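Undergrad: sequence first, predicted coordinates after that:
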Amino acid sequence: MKRLRCRGMALVEAALTLPVCLAVLAFTLSFGRQTWYTAVLDKATADAARYVASVPLESLQDGSRRSAVLSAAEAMLAEALASAGIPATLLNVEIGCANMDCAAMPASEAPQWVVVRVQVYFTDSILYRLTEREQVMLSSVARVGRDN
């Protein structure tokens, strides 16, 4: 008789613990994926900063050549994010030379370092289903010294 009364107990316990376990698993997967995305973004930002630091100063000060350098750096970042499978919906890239915009730097001055700031927005499908947050933002900054 005792066995008949305990028959549905395992089903009730599973029904109570399964949603919690699935939510913990979903957050763990989402956090791991965002950590991986951040590592890829950091490496891509550092690569773009090294590229911009290797460009001659005249190219950074001239408007048309500076836009070509910025486009090349953005293309490097977009290619790295796409090859890693990061579903970026918006990519913001800023390039600065020693605390100012490279275009505003006087021709007589040479920057000691170059900084690249990147912001990437994407939709996390796992997190969106649980929290209804549409966009997740990752940002990265890389500062590279220049050999003048």
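TA: Ah, there it is. Numbers count the residues shown, from 1 in each chain.
Undergrad: check the offset of the host helix or strand of residue 34 from the chain's centre.
TA: For residue 34, the host element (DSSP states H and E) is helix 9-54. Centre-to-centre, helix 9-54 and its host chain are 13 Å apart (C-alpha atoms, centre = their mean, to the nearest Å).
Undergrad: buried residues, the helix or strand following it. List them.
TA: The element immediately downstream of helix 9-54 (helix or strand, assigned by DSSP H and E) is helix 57-61. Buried residues in helix 57-61, counted by 16 or more other C-beta atoms under 10 Å: 57, 60-61. Every C-beta, even on glycine, is put in place using the N, C-alpha and C of the backbone.
Undergrad: so the strand or helix carrying residue 137 versus helix 9-54, what angle?
TA: Using DSSP H and E, residue 137 falls within strand 136-145. For strand 136-145 against helix 9-54, the angle between stretch directions is 30 degrees (axes from the mean of the first three to the mean of the last three C-alpha atoms, to 10 degrees).
Undergrad: what helices and strands are in contact with strand 136-145?
TA: Applying 3 or more C-beta pairs under 8 Å, 6 or more residues apart in numbering; DSSP states H and E, one finds that strand 136-145 contacts helix 9-54, strand 113-122.
Undergrad: can you redo those as TSV with distance to residue 78 and mean neighbour count?
TA: Below are the helices and strands packed on strand 136-145 laid out as TSV (distance: least, C-beta to C-beta, whole Å; neighbours: other C-beta atoms under 10 Å):
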stretch	distance to residue 78	mean neighbour count
helix 9-54	9	14
strand 113-122	10	20
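Undergrad: turn those into JSON lines, including mean pLDDT and distance to residue 83.
TA: Below are the helices and strands packed on strand 136-145 laid out as JSON lines (pLDDT from 0 to 100; distance: least, C-beta to C-beta, whole Å):
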{"stretch": "helix 9-54", "mean pLDDT": "88", "distance to residue 83": "9"}
{"stretch": "strand 113-122", "mean pLDDT": "84", "distance to residue 83": "14"}
